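[1] sharing a model that was predicted from the sequence below.
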Amino acid sequence: MSTNPFPSTGPRPGNVRVVSLNLWGRNGAWADRRSVLIDGFRALRPDLVALQEVIKNDEYDQMIDLLGPGFHIAHQKGRDPEGMGISIASRWPLGEVRELDLHVTPRTVDFPCTTLVAEVFAPDPVGPLLFVNHFPNWQLNFEHERELQAVVAARVVEERTSLRNQHVVLVGDLNADPEATSIRFWSGRQSLGDMSVCYRDAWESTHPGDPGHTYTPRNPLLWDWDWPFRRIDYIFVRCGGPFRPRRRPRDPGAQVIAPPSQTSAECGDGMHPGNSAGPRTLVLLQKNILMPSCSRRSVKIFLERVRAR
């Protein structure tokens, strides 16, 4: 009998499964959260993982602890004194990994804000892609900094894609809701710094009309009851430049693969794995959204909001 509580989430040829989650370090009931996270990652079987507020120091590697063997891992180097920062894991070998300096104003110096841009040697038919873990400042009144940080990251990605035509998946705890200028910039609705880009918001594409909240009072780890931003975590797929998205009828087989009883933010016996509402998972299937015409590759985007038992 299968031990996977999400029986439809197994790997398929040509798919890429992406998970992004803010771990909140080892805070709270860490032993319980750790158990939930290990089971959840095992069930989801991701190909690419982006974690925020993950601990890596001389004594402990939280990503390896949770994911186990079988991953190629890149850690942020400029972490805080306790080792908190961001990390990337891939089932496939990593090429060049760049760590961007997002300390764009003096008031950002006390936070390990950064972006990791990693080349992933995914096999055909997907092929090499850029996997980007973006981690801007979290403070409510730092939207100015988040705008500058978005431009820094976007410029590097555009430089890379101008040299090589490849897919880009950008994820992270972006600490702003969809109405914020920094998020509107990523989604192609706002220009910043004399440039513009366009990324598909995977949740918005597959769940129109659903706000997709990831940081709400339903999660007891929300430390500020009056926190105004409810959607702060994103999975974006670049659709500007070489991408030529084309709308087609939705595949009858397209569905959110998390069972209805497993779509809440809670995990196990009310245990929340991180300070966001469960892992965000993106499945890239080889269909439906036409990618660079020179390669005739294509993907279909699914976003699953699941809870790990």
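    On my side now, so go ahead.

[2] in stretch 151-164, what's buried?
    Residues of stretch 151-164 classed as buried by neighbour count (16 or more other C-beta atoms under 10 Å): 151-154, 156-157, 160-161. Quick note: C-beta positions are derived from backbone N, CA and C, even for glycine.

[3] closest one to Phe121 out of those, please.
    Nearest to Phe121 among those: Arg160, at 14.4 Å, using C-beta to C-beta.

[4] for the closest residue to that closest one other than its chain neighbours, grab the count of nearby residues.
    Take Arg160 and drop its neighbours on the chain: the residue closest to it by C-beta to C-beta, 6 or more residues apart in numbering is Leu130, 6.1 Å away. When neighbours are defined as other C-beta atoms under 10 Å, Leu130 has 22 of them.

[5] Leu130 sits in which helix or strand?
    Following DSSP states H and E, one finds Leu130 within strand 129-135.

[6] starting at the chain centroid, how far to the next helix or strand after that strand?
    Note on strand 129-135: by DSSP H and E, the next helix or strand toward the C-terminus is helix 143-163. Put simply, helix 143-163 sits 16 Å off its chain's centre (C-alpha atoms, centre = their mean, to the nearest Å).

[7] now the next helix or strand along the chain from helix 143-163, how far from the centre of its chain.
    Later in the chain than helix 143-163, the nearest helix or strand by DSSP H and E is strand 167-173. Taking C-alpha atoms, centre = their mean, one finds strand 167-173 lying 6 Å from the centre of the chain it belongs to.

[8] mind giving me the packing neighbours of strand 167-173?
    strand 16-22, strand 48-55, strand 129-135, helix 143-163, strand 233-238, strand 280-290 (3 or more C-beta pairs under 8 Å, 6 or more residues apart in numbering; DSSP states H and E).

[9] export these as CSV, with columns for mean pLDDT and distance to Arg189.
    Converted to CSV, these look like this (pLDDT from 0 to 100; distance: least, C-beta to C-beta, whole Å):
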stretch, mean pLDDT, distance to Arg189
strand 16-22, 91, 21
strand 48-55, 97, 23
strand 129-135, 97, 17
helix 143-163, 96, 13
strand 233-238, 94, 13
strand 280-290, 36, 19
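
[10] how about the ones you listed in CSV, adding distance to Gln76?
    Shown next, in CSV, are the helices and strands packed on strand 167-173 (distance: least, C-beta to C-beta, whole Å):
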stretch, distance to Gln76
strand 16-22, 14
strand 48-55, 9
strand 129-135, 8
helix 143-163, 13
strand 233-238, 18
strand 280-290, 19
